[in-house]
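generate a structure from the sequence data that follows.
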Amino acid sequence: MSEKKVVAVIVEGPSDENAIGGILKEIFSSEEVQFAVVHGDITSDNGTTKENAVSKIGALIETIRSRYGYNWRDFVRIIHIADTDGAFAQNCIKEKF
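Below is the predicted model of the structure:
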């Protein structure tokens, strides 16, 4: 039996998955593509620190692994897509008229 090849993609919301899901499934057509929707930005969450960021990502991948019965060696890529909306403080842009 051949080994499964899985690409895990972490996105902020369902609209992100909808926007890029088809494209990524086409690009990685020889692998299974699984999405983890985190409903926000895991990297800027108040509970995320430099010490626990990797373990938080690991927990997301563990959820996918156990839900679909994958082995850790089945994962060939883990892609985390984050955007920059909300990343800039309000009042940091000065407009001149």
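
how about the helices in the protein?
Along the chain, the segments classed as helices by DSSP state H run 14-27, 53-68.

which helices and strands does the last one pack with?
Packing partners of helix 53-68 (3 or more CB pairs under 8 Å, 6 or more residues apart in numbering; DSSP states H and E): strand 6-11, strand 32-37, strand 75-80. Quick note: C-beta positions are derived from backbone N, CA and C, even for glycine.

which one of the ones you listed has the most crowded surroundings?
strand 6-11 (a mean of 22; mean count of other CB atoms under 10 Å).

what's that strand packed up against?
Against strand 6-11 (3+ CB pairs under 8 Å, 6+ apart) you get helix 14-27, strand 32-37, helix 53-68, strand 75-80.

go through these and name the closest to Lys5.
Closest of the helices and strands packed on strand 6-11 to Lys5 is strand 75-80, at 4.8 Å (criterion: CB to CB).

to Ala8, which of the helices of the chain lies closest?
Of the helices of the chain, nearest to Ala8 by CB to CB is helix 53-68, at 5.5 Å.

just the helices and strands packed on strand 6-11: most buried one?
Greatest average neighbour count among these goes to strand 32-37 (a mean of 18), per mean count of other CB under 10 Å.

adjacent strands (with direction) for that one?
strand 6-11 (parallel) (DSSP bridges).

what would the helices and strands packed on helix 53-68 look like in JSON lines with distance to Tyr68?
Below are the helices and strands packed on helix 53-68 laid out as JSON lines (distance: least, CB to CB, whole Å):
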{"stretch": "strand 6-11", "distance to Tyr68": "8"}
{"stretch": "strand 32-37", "distance to Tyr68": "7"}
{"stretch": "strand 75-80", "distance to Tyr68": "11"}
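
nearest to Glu95, of the helices of the chain?
Closest to Glu95 of the helices of the chain is helix 14-27 (CB to CB; 28.7 Å).

of the helices and strands packed on helix 53-68, which is nearest Val54?
When the helices and strands packed on helix 53-68 are compared by CB to CB, strand 75-80 sits nearest Val54, at 10.8 Å.

contacts only, for the closest residue to Tyr70 other than its chain neighbours.
Leaving aside its chain neighbours, Tyr70 sits nearest to Val6 (5.6 Å; criterion: CB to CB, 6 or more residues apart in numbering). Residues in contact with Val6 (CB atoms under 8 Å, 6 or more residues apart in numbering) are 31-34, 64, 68, 70, 74-76.
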